[in-house]
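Colleague: Take this sequence and fold it.
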Amino acid sequence: MPAQSMNALSTPSEPVDMTPVPLRHQLAVYGIGLFSTTTHFMLMVIIPIWARVNLGIPEGLTLGFVLGCRPLLSLFISIHAGALMDRIGTRRVLLFIGFLSLATPFLYPAAPFVWALILIQLVSGTCDSIGWLGAQTLVGQLMRGRTHYAGRLSAIVRIGHITGPPAVGAMWDFGGPWPAFGLVGICGIGLLASVLLLPRQMTVPTDGITPPRRTRLRLRELLPEPADYISSFRLLRVPTIAITVMVGMMVHIGNNIQSTFYIVWLEKYVGIPATLIGFLISFASAAAIAGSFMAAPLRRRFRAYWVLWWVVFAALILVSITPLIGTRPVQAGIQSTIGLLFDLSPLIATYIAFCAVSFLRSAVNGIHQPLIVTLMLATVGPNEKGKAIGLRGTANRITSMAGPFVLGALAGIVGLEVGFYIIGIVSSCIMLWLGLLIMRHPEIHSDR
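Modeller: Okay, here's the model as predicted:
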């Protein structure tokens with residue numbers, strides 16, 4: 001790695017270039033993040049129901065793999081995708097992803113077989129994963145890695161998280177699979193339109209970025225190169241990057257359990273219909289908007305890595321107590337508190353409890369997102385931002401897949417309820433170990 005890149009790795013401070021980013025470019029980045037992540041949030045409502053009810057997959061390893069396999073393909077190509085963004089341009093990569101995002105939702109109802117569902121999940125998960133990685137990379141390439149732009153991105157993507165889940169849930173309840181999956185396909189149109197707003201040539205001279213080549217693409221350029229993976233994993237030698245990656249991995253244990261077996265728990269064990277599940281996700285996503293805007297003020301006031309650690313730990317605890325939220329004491333407490341004003345049924349009281357916990361979890365989760373993106377981007381050289389985001393994406397895919405898979409295995413052995421608690425205990429132990437690492441490496445706090 002060049003000496004100047006190594007120097008850039010040592011100080012995760014806020015960028016100094018404050019040149020305004022053109023509105024067209026801001027809208028492009030925000031749109032790419034919005035539509036790629038909204039696809040994921042819409043599918044998280046209907047895929048567990050489609051797999052368990054329509055395809056008849058029982059709880060256990062098979063269901064865990066079907067729900068958790070979405071990140072599998074992107075696990076292997078995230079670094080390659082990030083390197084391609086650095087080498088041939090983020091716009092070119094995202095154009096291809098946009099076309100795939102438009103087509104894949106319609107394949108779900110067209111091929112109602114377990115093996116087909118797995119293949120479609122792999123492609124669809126890769127599309128929304130690389131789309132989101134592309135938006136994060138563009139924060140570094142077009143927006144100079146500024147926290148307030150990353151905060152806006154994290155807040156704006158929540159618009160789709162708020163409107164998408166209840167819309168697709170209602171479409172499922174009243175129209176069935178085809179209209180619901182067709183609604184998801186509309187996000188592909190929005191993603192393509194946003195990519196077309198990007199400049200054809202990235203020109204940010206203040207950052208010293210070497211522009212990607214504009215020559216005709218060759219097949220060998222599109223194939224993974226071992227050197228890209230080696231140089232990306234070498235970034236882990238730097239404590240700031242290694243700790244950021246590991247804390248980010250823990251986020252996705254909770255996030256992907258909430259997008260898989262959490263929905264199974266709500267639908268099967270609590271009896272909440274798809275429309276109300278969609279509104280619950282929407283309500284929680286609204287809380288994440290407030291959290292996103294809190295990231296920059298919290299970073300100015302407190303040490304960024306400790307803020308990141310606390311919010312990730314809290315989010316993990318709040319998802320691991322899912323079975324406790326629907327218990328009779330919690331239900332009775334909600335009824336006695338709000339029952340003074342309204343007469344609540346047990347189901348509505350339980351639903352309110354889930355909304356409250358999801359609201360709190362999403363609020364702290366919203367804080368982590370802009371923090372982890374800007375901390376990652378600020379610790380690498382200007383021509384390594386795509387690789388850094390790709391490295392983070394690869395690491396995240398490991399826990400994204402492991403969380404549902406392990407919980408599915410536990411559900412088949414000890415039951416889903418106990419599985420939630422075991423995941424919470426193991427995750428807490430890992431977070432305490434990461435806290436020790438943060439204390440042992442005071443150099444990562446150099447932005448203070």
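Colleague: Would you mind extracting the C-alpha trace of stretch 48-62 into CSV?
Modeller: Below are the C-alpha coordinates for stretch 48-62, written out as CSV (Å, rounded to 0.1, in the frame of the first residue of the first chain):
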residue,chain,number,x,y,z
PRO,A,48,-41.1,-15.2,5.3
ILE,A,49,-44.9,-15.6,4.7
TRP,A,50,-44.3,-16.7,1.1
ALA,A,51,-41.8,-19.3,2.2
ARG,A,52,-43.7,-20.7,5.3
VAL,A,53,-47.3,-20.4,4.1
ASN,A,54,-47.3,-20.6,0.3
LEU,A,55,-44.4,-23.0,-0.1
GLY,A,56,-45.0,-24.9,3.1
ILE,A,57,-41.4,-24.7,4.4
PRO,A,58,-41.3,-25.8,8.2
GLU,A,59,-39.3,-24.0,10.8
GLY,A,60,-35.7,-25.3,11.0
LEU,A,61,-32.5,-25.3,9.0
THR,A,62,-34.2,-25.2,5.6
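Colleague: buried residues in it?
Modeller: For stretch 48-62, the neighbour count (16 or more other CB atoms under 10 Å) marks Pro48, Ile49, Trp50, Ala51, Arg52, Ile57, Glu59, Leu61 as buried. (C-beta placed from N, C-alpha, C; glycine too.)
Colleague: swap in stretch 163-173?
Modeller: Thr163, Gly164, Pro165, Pro166, Ala167, Val168, Gly169, Ala170, Met171, Trp172, Asp173.
Colleague: just how off-centre is whichever helix or strand the last one is part of within its chain?
Modeller: Pointing back at Asp173 there. According to DSSP states H and E, Asp173 maps onto helix 147-175. Remark: helix 147-175 is offset 13 Å from the chain centroid, using CA atoms, centre = their mean, to the nearest Å.
Colleague: which other helices and strands contact it?
Modeller: With contacts taken as 3 or more CB pairs under 8 Å, 6 or more residues apart in numbering; DSSP states H and E, helix 147-175 sits against helix 23-49, helix 114-141, helix 177-196, helix 274-301, helix 346-378.
Colleague: can you rerun that using 6 Å?
Modeller: helix 23-49, helix 177-196, helix 274-301, helix 346-378 (3 or more CB pairs under 6 Å, 6 or more residues apart in numbering; DSSP states H and E).
Colleague: pLDDT (mean, whole number) over the third one?
Modeller: This points to helix 274-301. In this model, helix 274-301 has an average pLDDT of 82.
Colleague: Next, the buried residues of it.
Modeller: 274-289, 291-296, 298-299.
Colleague: thinking again about what came up before, and the buried residues of stretch 48-62, which two are the farthest apart?
Modeller: Using CB to CB, those span at most 19.3 Å, a distance reached by Ile49 and Leu61.
Colleague: so where is the stretch 101-250 of the chain shaky, pLDDT-wise?
Modeller: Applying pLDDT under 70 to the stretch 101-250 of the chain flags residues 145, 147, 202-225, 228-229.
Colleague: what separates Ile130 from Ala349, distance-wise?
Modeller: From Ile130 over to Ala349 the distance is 41 Å, taken as CB to CB, to the nearest Å.
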